[in-house]
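A.B. asks: My questions concern the predicted model and sequence given below.
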Amino acid sequence: MEFKDDWEQAQRRLLAWWRCEAVDRACIQVTAPRDGVTPRPIADPGSVEAHWTNLDYALESQAERIRCTYYGGEAFPLFHANLGPDIFAGFLGAPIHFAPDTSWADPIITDWETRPRLELDADNYWWRLMIDLLRAAAGAGRGKWITGIPDTHAGGDALAALRGRQELCFDLIDRPDAVQAAMAELTALVDPVYSAFFACVDWQANGSSSGWLPTWSTGRCNVIQCDLLALISPAMAERFFLDELVVQARWLDQVIYHLDGPQCISHLDWLLAIPEIRAVQWVPGAGQPPMRAWIPLLKRIQTAGRALHLTVTPADIEPLLDELEPAGLMLHTQVDREAEARELIRRVAAWSCRR
């Protein structure tokens, strides 16, 4: 790979991580500005929406970011085909709006009796745009980067965007049959959406893939999640949203669950009971203590036999390695210089041996 000279070595460690094993140390993904590379200016596409939707800009800007980045340890060049967290609702007809750092959908289910059927339209603008972006990125990135499967937010998160989160929470009590009928339609979309996504990145020819997190593996790999869980009880979550998550997990070959924020911790036990979920990404969320404050939770996940992916500050790494098993542990961070990245990898190897 052009921007990752030690890719074969990194692959071995990444595959061991999925198995909750360690080749010789905990996995560390550390990036830094590449020495001796000056970023080239990228022409502004002219509007906030164009920053998200202009394919030429998306390709050029991400290619430049990748060219200018040093990928240390198990870090690797990953193209993030991103149209924001509500884009699945966009595929089903919801209007999408953009801000500099996110996007959102206008709900289109205002009345359960007259709601549209939740099905893919091959001519939907947002669907065509995502497919075009994935194909273009995969074609341009051959030998240079891996094109990740998009941040999908299917199932419960898609229904929350289509209906409105507050309204959907009331519906779980007032209109459970309507919610379950809509979830059945969304569950039926897992296969056509994932089949199209993975075909675009040509996973069969490569024999491997990655989600939007840098969690490469052989086979079909992706992140699944349901951030709506933060607003509801475990009993409600299992009743309405478990089946769709299981369908996603079984469709894939390697699955990491994105557990986002303290409000989702109450759901951890039933999520860990899904055997296809082999890894967990824990994200404490804005305003929460640093990663080292969550060691009891992280040990709980490791004890359940799941790998961990943690985005951390460099200062978090030694305290975490003092407490957590290096096998199945992935630490993702960034530093200011290549030399710092290399030194951090050396220290992780030494700290890993202390357990």
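C.D. replies: Done, it's in.
A.B. asks: For this structure, give me the ranges with low pLDDT.
C.D. replies: Residues of the chain that meet the criterion pLDDT under 70 lie in 355.
A.B. asks: If we use 90, what do you get?
C.D. replies: Applying pLDDT under 90 to the chain flags residues 204-206, 285-286, 353-355.
A.B. asks: Strands along that one, start to end?
C.D. replies: 27-33, 69-73, 78-80, 96-99, 102-105, 146-148, 208-209, 217-218, 221-224, 254-260, 277-283, 307-311, 329-334 (DSSP state E).
A.B. asks: Relative to the whole chain's centre, how far out is the fourth one?
C.D. replies: A distance of 20 Å separates the C-alpha centroid of strand 96-99 from that of its chain, computed with CA atoms, centre = their mean, to the nearest Å.
A.B. asks: just the fifth one next, same as before
C.D. replies: Using CA atoms, centre = their mean, we find the averaged C-alpha position of strand 102-105 to lie 16 Å away from the chain's own average C-alpha position.
A.B. asks: What helices and strands are in contact with that strand?
C.D. replies: helix 87-91, strand 96-99, helix 155-163 (3 or more CB pairs under 8 Å, 6 or more residues apart in numbering; DSSP states H and E). Yep, even glycine has a C-beta here, placed from its N, CA and C like the rest.
A.B. asks: need these in JSON lines with mean neighbour count and distance to Val247, can you?
C.D. replies: Listed next are those as JSON lines, based on neighbours: other CB atoms under 10 Å; distance: least, CB to CB, whole Å:
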{"stretch": "helix 87-91", "mean neighbour count": "26", "distance to Val247": "14"}
{"stretch": "strand 96-99", "mean neighbour count": "16", "distance to Val247": "25"}
{"stretch": "helix 155-163", "mean neighbour count": "26", "distance to Val247": "8"}
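A.B. asks: do you know which of the strands of the chain lies nearest Trp294?
C.D. replies: Of all the strands of the chain, it is strand 277-283 that lies closest to Trp294, at 6.6 Å by CB to CB.
A.B. asks: any idea of the angle that closest one forms with strand 307-311?
C.D. replies: 20 degrees (axes from the mean of the first three to the mean of the last three CA atoms, to 10 degrees).
A.B. asks: Note down every partner strand of strand 277-283 and its orientation.
C.D. replies: Strand 277-283 pairs in its sheet with strand 254-260 (parallel), strand 307-311 (parallel), by DSSP bridges.
A.B. asks: need the contact list for Ile274.
C.D. replies: Leu245, Val246, Ala249 (CB atoms under 8 Å, 6 or more residues apart in numbering).
A.B. asks: Mind picking the one among these that's closest to Cys20?
C.D. replies: Using CB to CB, these come closest to Cys20 at Ala249, 17.0 Å.
A.B. asks: if I look at the closest residue to that closest one other than its chain neighbours, how far off is Phe240?
C.D. replies: Leaving aside its chain neighbours, Ala249 sits nearest to Glu276 (3.7 Å; criterion: CB to CB, 6 or more residues apart in numbering). Separation of Glu276 from Phe240 (CB to CB, to the nearest Å): 19 Å.
A.B. asks: Could you do Arg342 as well?
C.D. replies: 48 Å.
A.B. asks: ok, the residue in the chain sticking out farthest from the centre to Phe240 distance?
C.D. replies: Centroid-distance maximum for the chain: Glu113 at 34.0 Å, with CA atoms, centre = their mean. To Phe240, Glu113 is 19 Å away according to CB to CB.
A.B. asks: now do Asp322
C.D. replies: 40 Å.
A.B. asks: Adding mean neighbour count and distance to Leu172, write the strands paired with strand 277-283 out as a markdown table.
C.D. replies: Compiled in a markdown table, the strands paired with strand 277-283 are given as follows (neighbours: other CB under 10 Å; distance: least, CB to CB, whole Å):
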| stretch | mean neighbour count | distance to Leu172 |
| --- | --- | --- |
| strand 254-260 | 23 | 20 |
| strand 307-311 | 23 | 30 |
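A.B. asks: With distance to Ala63 as added columns, please give these in a markdown table.
C.D. replies: Shown next, in a markdown table, are the strands paired with strand 277-283 (distance: least, CB to CB, whole Å):
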| stretch | distance to Ala63 |
| --- | --- |
| strand 254-260 | 26 |
| strand 307-311 | 23 |
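A.B. asks: Out of those, flag the one nearest Trp7.
C.D. replies: Closest among the strands paired with strand 277-283, using CB to CB: strand 254-260, at 17.8 Å.
A.B. asks: between the strands of the chain, which gets nearest to Asp174?
C.D. replies: Comparing the strands of the chain by CB to CB, strand 102-105 comes nearest, at 22.2 Å.
A.B. asks: List the buried residues for that closest one?
C.D. replies: Ser103, Trp104, Ala105 (16 or more other CB atoms under 10 Å).
A.B. asks: for stretch 321-333, same thing?
C.D. replies: Buried-residue list, stretch 321-333, by 16+ other CB under 10 Å: Leu321, Leu324, Glu325, Pro326, Ala327, Gly328, Leu329, Met330, Leu331, His332, Thr333.
A.B. asks: contacting residues for Leu14?
C.D. replies: Cys27, Glu74, Thr215, Trp216, Ser217.
A.B. asks: And the closest residue to the last one other than its chain neighbours, how close does it get to Leu186?
C.D. replies: Read it as Ser217. Nearest residue to Ser217 in three dimensions, chain neighbours excluded: Gln254, at 4.1 Å (CB to CB, 6+ apart). Counting by CB to CB, the gap from Gln254 to Leu186 is 22 Å.
A.B. asks: for Leu133, same thing?
C.D. replies: From Leu133 to Leu186 the distance is 22 Å (CB to CB).
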